[in-house]
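Colleague: fold the following, please.
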Amino acid sequence: MRAELYRADVPEKLVAVATWSHGRATLEVIDRSMQGLEALLRPTPVVVDDPSLRGPGTHGESLLEPGSFGWFRAALVQRGEGLGLRVRFVAPEIVGGWDPAASYRSFDEEVERLAGVGGRPTLAAVLVGDDEASHIYVGAKQRAAAASGIESRRVELPADAAQKDVLAAVAELNADAAVHGILVQLPLPAGLDPVEIQDAIDPAKDVDGLHPWNEGRLLRGDPRFAPCTAVGIVELLRRERVPVEGSHAVIVGRGLLVGRPLAVLLSAKASGANATVTLCHTGTRGLPGFTRQADVLVAAAGRPAMITPDMVKPGAAVVDVGNHRVGDRIVGDVAPEVAAVAGALTPVPGGVGPMTVAMLLANTVMAAREQAAGR
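Modeller: Here you go, the predicted structure:
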């Protein structure tokens, strides 16, 4: 994390102190003539006197006023009788999920304890059809489970499986006491009703957090299992020490997997949350006007490169949930050029994805713990 402090004496017994930390810029002007060195917060003009320092975020008269959100390297410089700031925009910090191997190993002790008292935590995945991406995702989840000592099962059904066949597979897993977590890999083939199938999963085994019972608990502020990508993003922001409390978070995407649950999590009255949240989507009029206000911007609309540099506030923390194959490349919902404006940016792939898998495993371990305790 960058944290810089610049201090300079200026005329008339004033001392100006500018402090930059993760995503925050604060300027204090201390009047030494006042008893107790009372601190006054004042907007400060930005002065760019070297053309080589010009770049995104260096223009504007009040860009670095107290409490503004941004990443800048700056130096206080005397300008005649006043004080100015020489500013250079700093390339964003690339942030991603924590090291997957280390994260999965963190479950080892609890997994082995549960294996000794009531059965090794077991995750079952229901896979319908032959969608290549779905097979890849389920395989990745099973490998991660194996790395953490969690057992996994795969129930495969043909693409022409009827609704009753999928419901029967879910019912069998519900009744199996050796299975602690169940997920149905989406999307399902055309003709199947995913809502009815998600509703059929035992809420105590719903490690994807999509059963109405679990969604209701999340909404009332008492979550048991929350959707893995949404809670993974909250954990990512916490681990990267992005200042969420009191910030303006803008989410682009209103889906049940990310957008809606993430809005609830970020706005909760809790440590690491307590943000003011705006939930946008592809039908929002004047979308750039909302995204440019974001201290924390989450792109989860499912459209490749839809978030462009002109839509991002300089220095914002940007979380890219998108994952699209375009030609021979994997791209996100955020255009690569946003790196020139953002203060922190998650990569695609390798950013949100590992967090999602880690949260799925965490939910599975918690489900096994609660079932072992008879809850």
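Colleague: buried ones in stretch 150-166?
Modeller: For stretch 150-166, the neighbour count (16 or more other CB atoms under 10 Å) marks 150-153, 155, 157, 161, 166 as buried. No exception for glycine: its C-beta is placed from N, CA and C like everyone else's.
Colleague: and what of stretch 242-255?
Modeller: Buried, per 16+ other CB under 10 Å, within stretch 242-255: 242-244, 247-255.
Colleague: quick one: end-to-end distance for it.
Modeller: 24 Å (CA to CA, to the nearest Å).
Colleague: now stretch 229-249
Modeller: From its first residue to its last, stretch 229-249 covers 16 Å (CA to CA).
Colleague: before we move on, what about stretch 314-322?
Modeller: First-to-last distance for stretch 314-322 - CA to CA - comes to 21 Å.
Colleague: ok now that stretch, how far from the chain's centre?
Modeller: 9 Å (CA atoms, centre = their mean, to the nearest Å).
Colleague: circling back to that earlier point, among the buried residues of stretch 242-255, which are in strands?
Modeller: 248-252 (DSSP state E).
Colleague: pipe the residues you listed into a markdown table and attach distance to residue 111 per row.
Modeller: A markdown table is the format used below for these (distance: CB to CB, whole Å):
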| residue | distance to residue 111 |
| --- | --- |
| 248 | 39 |
| 249 | 33 |
| 250 | 37 |
| 251 | 33 |
| 252 | 36 |
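Colleague: would you mind giving these as a markdown table with distance to residue 303 and pLDDT added?
Modeller: Formatted as a markdown table, those follow (distance: CB to CB, whole Å; pLDDT from 0 to 100):
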| residue | distance to residue 303 | pLDDT |
| --- | --- | --- |
| 248 | 22 | 96 |
| 249 | 20 | 97 |
| 250 | 16 | 98 |
| 251 | 14 | 98 |
| 252 | 9 | 98 |
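Colleague: quick one: the buried residues of stretch 242-255 as CSV, columns for distance to residue 351 too.
Modeller: Putting those into CSV (distance: CB to CB, whole Å) gives the following:
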residue, distance to residue 351
242, 13
243, 19
244, 17
247, 19
248, 21
249, 17
250, 18
251, 16
252, 16
253, 15
254, 21
255, 18
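Colleague: so residue 165: helix, strand or coil?
Modeller: Under DSSP: H, G, I helix; E, B strand; the rest coil, residue 165 falls in the helix class.
Colleague: how about it: what's its closest non-neighbour residue?
Modeller: residue 157 (6.0 Å; CB to CB, 6 or more residues apart in numbering).
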